[in-house]
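Enquirer: Would you be able to build a 3D model of this:
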Amino acid sequence: MEKMLHYAWKCRILPLRQLLTTDGREVEVIDPGQSNPNAGPDFFNAKIRIGETIWAGNVEIHLRSSDWQRHGHTEDAAYDNVVLHVVEVVDTDVMTHSRKLVPQLEIPIPDNLCRNYEDLLATMDYPRCHSIIPTLSSLLIHSWMDALLVERLKERSERVLKRLDETQGDWSRALMVTLARNFGFSLNGDAFERWGRQLPLHAAAKHRDNLLQVEALFIGTAGLTGRVESELAKEYTYLAHKFELKETLKETDWRYMRTRPQNFPHVRIRQLANLYQRGTVELSRLLEAKDADALRMCFAMKGLSKTTIDLLIINTVVPVLYAYGMQHNDERYEQRALDLLEQLKAENNYIMRQWQACGLTVDTAADSQALIQLKREYCDTKDCLRCRFGHEYMKRTKRE
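Expert: Numbering: from 1, shown residues only. As a prediction, this is how the structure comes out:
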């Protein structure tokens, strides 16, 4: 399995015996190089001593030497700077486009490495690496969770910046779309986002002093007038004619099954209308808020529990602040986003409970956001070779 050889090289899980090229020269791996996920050699900027000479260049990895020709590298000048060809089985000499022989190093893939990896992939337990968690140092755990948290924040912030780009730099619209998305939670998130993108804020702004009319616009464009009182439906008919509006969605686009009444789409949309009409959830207010308590005041209203408000802060305010800091190259807002997650309690769900059962401490929203990233981007995709916990599990391998 080529990716296992790739992993062994990257992590220096190499035989303890002397490493020799096929022509008998000693090999010392000073730096395995940087992994290249794109086209071209597998590792860039490696530093390798071969015999008495130290080489700086690229490394290519295959299971068999003959894969070099089979992949067309001999005719590809991009591989001219390969200083070492690492393979499990040497079955032929290899040559660059410039007709130079490439030194080759034969490394067997350790049996225990493959066995541990297969165990990780085969188990139905979650987390797969649960047995190793109690043995890990707090430094390793915290450094990995910090990295996961930043990774998740950057991914979520990129989505905010994409919405900003789609709205021609309109931060108010991008914020509303993000907020709408999160008011739908997981069940109606997609529908809420589609609605938020087409919400007629130009019309709502003209009637912002009248909550009934704002609610009518929000409910009507969502195609949910059949779910509310007739007075609201009549008001929407009038406003739709005035502004030449059309429904952006139909009632069949919304999901009500397995949803509690307080989470019904028309209920959440009316809450959104209330927040919009009050003007408490504006970008300027969010940027000025000093802490979680100040933000809770912005969202405070009947029907929104403290838990729901905290989730809206985690899923809306935090990525918006981080995105704003990224766009303006202002680390203050990025740090404020991180600080908010440290102030808020961890989300309480089955993912957190499973990690806690392994012995991990999950106290803050920073912890829970990191572990959500770990599950979705590593555990669910079985990408254990990129996970630091998975790496520790793999290190159980006995070297030669």
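Enquirer: show me where the stretch 1-150 of the chain has helices.
Expert: Taking DSSP state H, counting those that start in this stretch as the criterion, the stretch 1-150 of the chain contains helices spanning 2-10, 67-70, 111-122, 138-166.
Enquirer: Which of these sits closest to residue 48?
Expert: With Cβ to Cβ, the closest approach to residue 48 among these belongs to helix 2-10: 11.0 Å. For the C-beta atoms, the positions are set from N, CA and C on the backbone; glycine is no exception.
Enquirer: now the strands for the stretch 101-250 of the chain?
Expert: 104-106 (DSSP state E, counting those that start in this stretch).
Enquirer: Quickly compare the helices of the stretch 1-150 of the chain and say which is most buried.
Expert: Among those, helix 2-10 has the highest mean neighbour count (mean count of other Cβ atoms under 10 Å), at a mean of 19.
Enquirer: So what touches that one?
Expert: Contact with helix 2-10 is made by 13-14, 32, 35, 42-43, 59, 61-63, 86-88, 107, 109-110, 113-114, 117, 385, 394, as judged by Cβ atoms under 8 Å, 6 or more residues apart in numbering.
Enquirer: Switch the helices of the stretch 1-150 of the chain over to CSV; also include mean pLDDT.
Expert: Below are these laid out as CSV (pLDDT from 0 to 100):
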stretch, mean pLDDT
helix 2-10, 91
helix 67-70, 96
helix 111-122, 87
helix 138-166, 97
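Enquirer: Save those helices as TSV, and put in distance to residue 173 too.
Expert: Shown next, in TSV, are those (distance: least, Cβ to Cβ, whole Å):
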stretch	distance to residue 173
helix 2-10	43
helix 67-70	51
helix 111-122	43
helix 138-166	8
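Enquirer: Nearest to residue 210, out of the ones you listed?
Expert: helix 138-166 (27.7 Å).
Enquirer: for that closest one, packing partners?
Expert: helix 171-183, helix 318-328, helix 331-343, helix 365-374, helix 388-394 (3 or more Cβ pairs under 8 Å, 6 or more residues apart in numbering; DSSP states H and E).
Enquirer: try it again with 10 Å
Expert: Helix 138-166 sits against helix 171-183, helix 185-198, helix 318-328, helix 331-343, helix 365-374, helix 388-394, with contacts defined as 3 or more Cβ pairs under 10 Å, 6 or more residues apart in numbering; DSSP states H and E.
Enquirer: List the buried residues of the third one.
Expert: I take that to be helix 318-328. Applying a neighbour-count criterion of 16 or more other Cβ atoms under 10 Å, one finds 318-326 buried in helix 318-328.
Enquirer: any idea of the angle that helix forms with helix 138-166?
Expert: In terms of direction (axes from the mean of the first three to the mean of the last three Cα atoms, to 10 degrees), helix 318-328 departs from helix 138-166 by 70 degrees.
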